[in-house]
Structures are given as C-alpha cells and as structure tokens.
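Colleague: My questions are about this predicted structure, shown below with the sequence.
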Amino acid sequence: MPAKNINDIVSLCKRRGFIFPGSEIYGGLGGTYDYGPYGVELMKNIRDSWWNAMVYQRDDVEGLDAAQITNRLLWKYSGHEAGFSDPLVECKKCKTRMRQDKMADQTKCDACGSGDLTEPRAYQLMMGLSVGATADGAINAYLRPETATTIFTNFKNVLDSTPHKLPFGIVQIGRVFRNEISPRGFVFRMREFEQAELQYFVRPGDDEEQFNDWKATRLQWWIEQLGIPAEKLRFLPHEKLAHYAKAAEDIEYEFPDGFDEVEGIHNRADFDLGSHTKSQKEFDIKAAVMENTDSTAKLSFSDPQTGENFIPYVIETSLGTNRTMFAVMCEAYTEEDLGDDKSRVVLKLKPRLAPVKAAVIPLARNVPELVARADELVVDLRKLGIGRIEMENSGNIGKNYRRHDEIGTPVCITVDHQTLEDGTVTLRHRDTMAQERIAIAAVPARLMEIVNG
Ligand code: ATP
C-alpha cells in the first residue's frame, strides 16, 4: 500500500538521507531543501531517464544548459517582469500570507478562518540580482524562474549549429528560482527547484497534432519509465489559459492528499520566438507580443525548399524533477505487515531508478576470506557502470536488509561460508524477499537483468 500521508515520506527522506531542510542548522530557509546521498542518486536517475527518452531515443531533440543568471531584458520581453506575479492576500488577524488563486475559499483565511483579509496585491515571483560592481545595488539581472526562456533565446544558436529542419526540439534540465509566497507540501512547492523542459518547434498548423502527440508521449513516460500506474495519473485541461497559450493541460498524479499537477504541456503558438525576435514586423506574428527594440537575432526558420521564412510555433512539456521524485517516492513507499507483529517499510522503486543497485554483505565481518570475496564481487559489479554498489560490512544482516528495503535497493547479495566452499552467493530480492543461490560468476549478468527489468 503506497504512502498514506506525506509525513511518511518526509520522515523517510530525513531518516535515510534523501532530503533535508535547507540551511537546517541555522533554523532553515522556507522553500529550500538539500538533497542527501540517496536523494542525489534518485534525482540523477530520474533526470537520466528523462534525458534518455527525450534526447537519446530520438533524433530531433538537442540539449542545452544555459546560465541561471540572466539579463533583465529576457524577462522584460518574455512578459515575466510585468506579469509573473501572484495575487497575494494577507490575513489581518493572524498575518498569514496566501496566494489568492490557491485559497480554499477566497473570502476566508486558510489558517484561522477570519474574513478580515487585505486586498490582493501583485507579488513579484522573480529573484532580482545586482550583478557586477553596481554602485546603487539596483536590480540588473534575475535568477531565471523557468528554463524555457533561455531555450528560446538560444533558438538561433542551436539551429545554426545543428542540421535540423522543423519539427525539432531543445531540452534543458536546470535550476530555477521563484519567490513563492507560500512554499508548501514538502518539495511540492519550493523556492529553488529544478525543471526539465522541452520546447518543440513546429510549423504553424502542425501544432495541434503535435500537442496531442506530446501529451501521449509524456504520459507514457510517467507510466513506463517511472512505474506510476495509469489510474493514478490524469490530464487536467486549464480552464483559464495564460496569455501566451493556445492550449494547456496538466498531467496530475494522485498524491496521498489528492490529485495535483506534476507536469504541464502547453501549446505556446508563436508567442515566445515572436516576443524575442528582432524585426517583428517582417513576420506574421499571431500572438499578442510586446514590441521588441532590443533583440539582436531573428528567431525565424527559413525553409530551404520553399523559401518561406516564418516564426515557428512551440509545444512545451515542463516538469519539476523534485516534484517528480516526490511522486515517485509516494508511489513506491510501501508498508508491509509481515505477521507476528512485524512490519517493514519498502521503497518499491523501478530497479533502474533505485539509488543503490545492489548491496554486498559478507555474513561475518571478522572472517577475512569472506570479506575478501565480498570486496572482489563489489569491484566486479562496480565495473558494470550501472550506478552505486554498496559494501555492507556492519555485521548485522537484519539491519542491512531493513535499510536497503527503505532506500529501495533491488537486491542484497550475501557472501557466506558456503561461498568459500562452492563459489555461490545468495541474492535476496527486495519486493518478494525471496532468496536465490547462484554462482558468483553469474552475479553481474543477473544484476544487469534485474536492473534493466
Ligand atoms: P503554479 O502551480 O505556481 O501555477 P505553474 O503551473 O506555473 O505553477 P509551471 O511553470 O508550468 O508551473 O512549471 C512546470 C512544472 O514545474 C510543474 O508541473 C511542477 O512540476 C514544477 N514546479 C512549478 N513550480 C514549482 C515549485 N514552486 N516547486 C517545485 N516544483 C515546481
């Protein structure tokens, strides 16, 4: 049975080294989290799975890693500087600040129920910076609040340096920063997080079909690569579209406290390249864009066959990797009753996503021959290059199993006295707790099978 409430996950994350509160020893900083030894591995495996699906399994998508500190003008023309703000309401009684659009009832404080609220005020979500030796400390740059805009501003660079025709895409995984009014739900809403976004450039007219194709492709990734059952995912079309969007739908996952957004898929039409291009008047831009007097690049596509030169439309897929990892953990978290008043917590992650791929346990830590055989096996398994292999030499096999169940290690391999006699070891499987005895020489191939299974 998956996690019943978020606190199960929060406590596992802290206890087993996945996620810690940011700046913790100084009292913390709201909306920031630090990822520990197993958190970084799980995040990396999620990122790798996404990159593999979006770049390596296709030939129409390129990668990018742009700077996080960005010129103000990017956000002037993207519309963020003027429009990227949430309506903020403060309760005059208990001083709680809330995003008006997220309140359960817009006439009452979420915290104390009082109806004595301030008028909503715009609240700038971007974190401004003063970069370089400015005398007055005025904001001249922003930490980017999303990865999309730097993809658009690099459209020409990528197009000119790769052999692509339309449709083609650019992806980016990277940190973003938003001064969220009310960070909440553990890593669900943070102030510093990581996005994995695709901007897919298409011919105007092909956009609706591409939007639907990407919806299907992305949903399939959640099901097949992350192991989320289809019935715990759904699409939610936006009722109110953002000013740039022609269509927008969220993929929602059923968290312990209900369905909520994990990924957005948007048809952004020609708003973005149309906003950031120079010589806007040369093009038939359909979206309502601000006049751009600063851009130095034409962000158009010239078709060598037809001679047409136009602004491509954009289909965007956008997810937060932190929120994705949270959903994956909620789904994998399982409490099992083992009878006799015993139970265990096990993280039933897809083996490919597991932070540790295998643990090797010599049954007695004071028998040098056992430890030496275990060491040799660890060295061989590490050569597979499939991720982290741990040597467990604490001498308490029960504790080892418990820890590896909780961090989701698919197999524990025990080296015991019989190993010294006949060269076999025991594989103990995480989900079934079943044990199999196989020759040491067969372990690498068996582990590959399990991890790729
Ligand atoms: P909001 O909920 O603030 O309206 P949004 O719909 O604007 O967010 P997008 O900008 O579309 O979110 O971001 C895409 C994805 O990034 C979301 O689906 C989510 O997975 C992730 N994300 C957005 N904001 C946060 C955040 N504050 N913390 C963690 N992940 C986030």
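Modeller: Yep, that arrived.
Colleague: CA atoms for contacts and neighbours, from now on please.
Modeller: OK.
Colleague: and this protein, which of its residues are near the ligand?
Modeller: 188-191, 193, 195, 261-264, 318-320, 323 (CA under 6 Å from any ligand atom).
Colleague: Among these, list the two that are farthest apart in space.
Modeller: 191 and 264 (18.3 Å; CA to CA).
Colleague: The residue of the stretch 351-453 of the chain found nearest the ligand: neighbouring residues, count only.
Modeller: Residue nearest to the ligand within the stretch 351-453 of the chain (CA to the nearest ligand atom): residue 353, separated by 18.3 Å. Using other CA atoms under 10 Å, residue 353 is surrounded by 28 other residues.
Colleague: residues in contact with it?
Modeller: 42, 45-46, 226 (CA atoms under 8 Å, 6 or more residues apart in numbering).
Colleague: cool, residue 411 as well?
Modeller: 357-359, 427-430.
Colleague: Kindly list the main-chain dihedrals of it?
Modeller: Main-chain dihedrals, residue 411, degrees, to the nearest 10: phi -140, psi 140.
Colleague: do you know how far it is from residue 429?
Modeller: For residue 411, the distance to residue 429 (CA to CA, to the nearest Å) stands at 5 Å.
Colleague: next one: residue 133
Modeller: In terms of CA to CA, residue 133 sits 58 Å off from residue 429.
Colleague: With residue 388 instead?
Modeller: 17 Å.
Colleague: can you check residue 231 too?
Modeller: Relative to residue 429, and taking CA to CA, residue 231 is found at 27 Å.
Colleague: In terms of neighbours, single out the busier of these two.
Modeller: Using other CA under 10 Å as the criterion, residue 231 and residue 429 rank with residue 429 on top: 19 against 9.
Colleague: close enough to count as contact, that one and residue 410?
Modeller: Yes: if you go by CA atoms under 8 Å, residue 429 and residue 410 touch, sitting 6.1 Å apart.
Colleague: can you count the residues close to the residue nearest to residue 453 when sequence neighbours are not counted?
Modeller: Spatial nearest neighbour of residue 453, chain neighbours left out: residue 351 (7.4 Å); criterion: CA to CA, 6 or more residues apart in numbering. By other CA under 10 Å, the residues close to residue 351 number 22.
Colleague: got it, and the one 10 residues further on?
Modeller: Residues within reach of residue 361, counting by other CA under 10 Å, total 29.
Colleague: Below-threshold pLDDT in the stretch 51-200 of the chain: ranges please.
Modeller: Applying pLDDT under 70 to the stretch 51-200 of the chain flags residues 135.
Colleague: show me where it has strands.
Modeller: In the stretch 51-200 of the chain, the strands defined using DSSP state E, counting those that start in this stretch lie at 61-64, 69-71, 85-90, 97-99, 121-124, 127-129, 141-143, 168-177, 192-202.
Colleague: Pairing partners for the first one, with directions?
Modeller: In the sheet containing strand 61-64, its partner strands are strand 168-177 (parallel), by DSSP bridges.
Colleague: Contacts made by the strand it pairs with with the rest, please.
Modeller: 47, 54-55, 60-66, 68, 126-127, 143-148, 151, 191-202.
Colleague: May I have it exported as PDB, CA atoms only?
Modeller: Below are the C-alpha coordinates for strand 168-177, written out as PDB (Å, rounded to 0.1, in the frame of the first residue of the first chain):
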ATOM      1  CA  PHE A 168      12.800  19.800 -33.800                       C
ATOM      2  CA  GLY A 169      13.200  20.400 -30.100                       C
ATOM      3  CA  ILE A 170      15.600  21.700 -27.500                       C
ATOM      4  CA  VAL A 171      15.600  20.400 -23.900                       C
ATOM      5  CA  GLN A 172      17.100  21.700 -20.800                       C
ATOM      6  CA  ILE A 173      17.300  20.500 -17.200                       C
ATOM      7  CA  GLY A 174      18.300  23.100 -14.700                       C
ATOM      8  CA  ARG A 175      17.800  25.100 -11.500                       C
ATOM      9  CA  VAL A 176      15.100  27.800 -11.400                       C
ATOM     10  CA  PHE A 177      14.200  30.200  -8.700                       C
END
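Colleague: Among the strands of the stretch 51-200 of the chain, which comes closest to residue 243?
Modeller: Short answer: strand 85-90, nearest of the strands of the stretch 51-200 of the chain by CA to CA, at 13.3 Å.
Colleague: Can you spell out which helices and strands pack onto the closest one?
Modeller: strand 97-99, strand 121-124 (3 or more CA pairs under 8 Å, 6 or more residues apart in numbering; DSSP states H and E).
Colleague: Closest residue of the stretch 1-150 of the chain to the ligand?
Modeller: For the stretch 1-150 of the chain, CA to the nearest ligand atom, closest residue to the ligand: residue 146, 6.7 Å.
Colleague: correct me, but that residue touches residue 193?
Modeller: No: if you go by CA under 8 Å, residue 146 and residue 193 don't touch, sitting 9.5 Å apart.
Colleague: Helices of this structure, start to end?
Modeller: 6-15, 37-51, 72-77, 80-83, 148-153, 155-161, 207-220, 271-276, 321-332, 368-382, 397-407, 417-422, 443-452 (DSSP state H).
Colleague: tell me which residues of the fourth one are tucked away?
Modeller: Right, the one you point to is helix 80-83. 80-81 (16 or more other CA atoms under 10 Å).
Colleague: C-alpha coordinates for that helix, CSV please?
Modeller: Extracted in CSV, the C-alpha atoms of helix 80-83 (Å, rounded to 0.1, in the frame of the first residue of the first chain):
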residue,chain,number,x,y,z
HIS,A,80,7.6,37.9,-16.7
GLU,A,81,8.8,41.2,-15.4
ALA,A,82,5.3,42.7,-15.7
GLY,A,83,3.2,39.6,-15.4
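Colleague: which residues are contacting that helix?
Modeller: With CA under 8 Å, 6+ apart, helix 80-83 has contacts from 75-76, 124, 126.
Colleague: If we use 6 Å, what do you get?
Modeller: Residues outside helix 80-83 that contact it (CA atoms under 6 Å, 6 or more residues apart in numbering) are residue 75.
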